[in-house]
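[1] Here is a sequence with its predicted model. Questions after.
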Amino acid sequence: MKKYLSWLIDFGVSLLCWLVFYALSSLGFLLVFVIDGKKNRKRAVGFFHPYTNDGGGGERVLWCAVKAIQEEYPNLDCVIYTGDHDASPQSLMDRAIDRFGVKLLFTPQVVHLHKRKWIEEGTYPHFTMIGQSLGSLYLSWEALSKFTPLFYVDTSGYAFTYPLAQMFGCKVVCYTHYPTISSDMVSRVRERSSMYNNNSLIAQSIWLSRCKVIYYTFFSCMYGIVGSHAHLAMVNSSWTQSHIEKLWRIPNRIKRVYPPCDTSGLQELPLERPIDIPKIISVAQFRPEKAHTLQLEAFSLAIRKLDKDSRRPKLQFVGSCRNEADEERLQKLKHKAVELKVEKDVEFHKNLMYRDLVRLLGGAIAGIHSMTDEHFGISVVEYMAAGAIPIAHNSAGPKMDIVLEEDGKQTGFLALNVEEYADAILKLLGMPDAERLEMAGATRKRGARFSEKRFYDDFKDAIHPVFSHTLR
């Protein structure tokens, strides 16, 4: 009981401090805006993306968005707000091409942020979600104080910064990969389901679960209010769109823009590949929600169920590590492979260059994905474009937008638990080569629907009304 009381006290004090800070800072910034008006704003587009080294789909969206604006509005400077202190204009330009194959037209400007700790998970042992969200205010304060652009573009999902950007006179545009809070999250807490965002201690307690439902409900209201300040909100999938429309209640300002996937380059890979050792690839950051352990357990179970004469597969984990927590998670995964006695059948590839990722995709017959409620699933599309048949989680983006039939043909497998993933692996391994190639062909055709070209076209169409009206 003392621990529970301590949590409530921590929450109350933290919330009170942040509300006082928010009120005072809002008044201060409003005063600054009234006095200085529009003269402090630069004819530029500022991209709020504190982690420019995360290596995930969100970073790909950032660089493609920068390129799209450089193509459409070459007279506007593009400025990156980043907390990575070693980032320079040239290094970021090089990173875009080396890691994602995106060639920018001009080097972007860089504004370094020194307050990024206020949005890091470790800063908030409890009530992390609201702590990070309110902490983003402090970080955006630093960003906008150093450089105030005409357009403020958030590509990382920090909706609490939107009212502040408006106070600085910016037009607020965002690309939302997933809602910070959703009705699905609230339902899991109400049903007392244990997951990465609802630990077992809370799930086992009726009283704590009720408190968390109240907390989530309160946060949902706040999230809806701040999100409604966006002049344009682009979302990456049908699932994200439905949640954002319910929460922000600005349906006329919400546009679905599927994220950019390198389908053209990957489609050049041959569908036929050596299968003396069938390779299954897993591309995802080493984060808890990606559920790598489930993949490893399913792979281990599939191997145990294999016939003696069957070809023994190899599982290749490819991902990036943002911080020490991700590094620890990777090490635990390696230990788990040893525990399951599949360490000889598993490879780990950390922070690969894009060309090396393409090489691995070109040798895989399948790609595995296991995040629950993955907002979209760029890696799933990359599997498909490369001709690797996806085995994805039966929810959200993969279920609603991606792993659907193409010309009446199956394009992959959907699964929910270890047993279903293992069964899908076994079905794929037991499939005749001709049948597998036929499915891979349908898979590749389906993946072509989510090309970088489509992203560029849809992104430019979405921002045109806001940009053209402002730039008159």
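    Happy to help now that I have it.
[2] In this protein, what residue spans correspond to strands?
    Remark: strands assigned in the chain by DSSP state E are 41-48, 77-82, 109-112, 148-154, 171-176, 232-235, 254-256, 279-283, 314-319, 346-350, 366-368, 389-393, 413-415.
[3] I'd like those laid out as a markdown table, including mean pLDDT and distance to K427.
    In short, each C-beta sits where N, CA and C put it, glycine included. Listed next are the strands of the chain as a markdown table, based on pLDDT from 0 to 100; distance: least, CB to CB, whole Å:
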| stretch | mean pLDDT | distance to K427 |
| --- | --- | --- |
| strand 41-48 | 94 | 43 |
| strand 77-82 | 98 | 44 |
| strand 109-112 | 97 | 48 |
| strand 148-154 | 97 | 41 |
| strand 171-176 | 98 | 35 |
| strand 232-235 | 98 | 33 |
| strand 254-256 | 97 | 32 |
| strand 279-283 | 97 | 13 |
| strand 314-319 | 96 | 16 |
| strand 346-350 | 95 | 21 |
| strand 366-368 | 97 | 10 |
| strand 389-393 | 97 | 9 |
| strand 413-415 | 98 | 7 |
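[4] which of those strands sits most buried?
    strand 366-368 (a mean of 30; mean count of other CB atoms under 10 Å).
[5] Please parse this structure into its domains.
    2-259+453-470, 263-450 (automatic domain parsing).
[6] pLDDT weak spots in this protein?
    For the chain, residues meeting the criterion pLDDT under 70 lie at 1-39, 184, 186-209.
[7] Dump the strands of the chain into CSV; add distance to H469 as well.
    Putting the strands of the chain into CSV (distance: least, CB to CB, whole Å) gives the following:
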stretch, distance to H469
strand 41-48, 15
strand 77-82, 19
strand 109-112, 24
strand 148-154, 11
strand 171-176, 9
strand 232-235, 11
strand 254-256, 15
strand 279-283, 39
strand 314-319, 41
strand 346-350, 45
strand 366-368, 42
strand 389-393, 40
strand 413-415, 42
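[8] Just grab the bridge partners of Q316 for me.
    Beta-bridge partners recorded for Q316 (DSSP bridges): I281, E347.
[9] which residues sit in contact with it?
    The contact partners of Q316, by CB atoms under 8 Å, 6 or more residues apart in numbering, come to 279-282, 346-347, 349, 360, 364.
[10] could you dump these to JSON lines with distance to K409?
    Shown next, in JSON lines, are the contacts of Q316 (distance: CB to CB, whole Å):
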{"residue": "K279", "distance to K409": "23"}
{"residue": "I280", "distance to K409": "21"}
{"residue": "I281", "distance to K409": "22"}
{"residue": "S282", "distance to K409": "24"}
{"residue": "V346", "distance to K409": "31"}
{"residue": "E347", "distance to K409": "31"}
{"residue": "H349", "distance to K409": "31"}
{"residue": "L360", "distance to K409": "26"}
{"residue": "A364", "distance to K409": "20"}
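[11] Cheers, nothing more for now.
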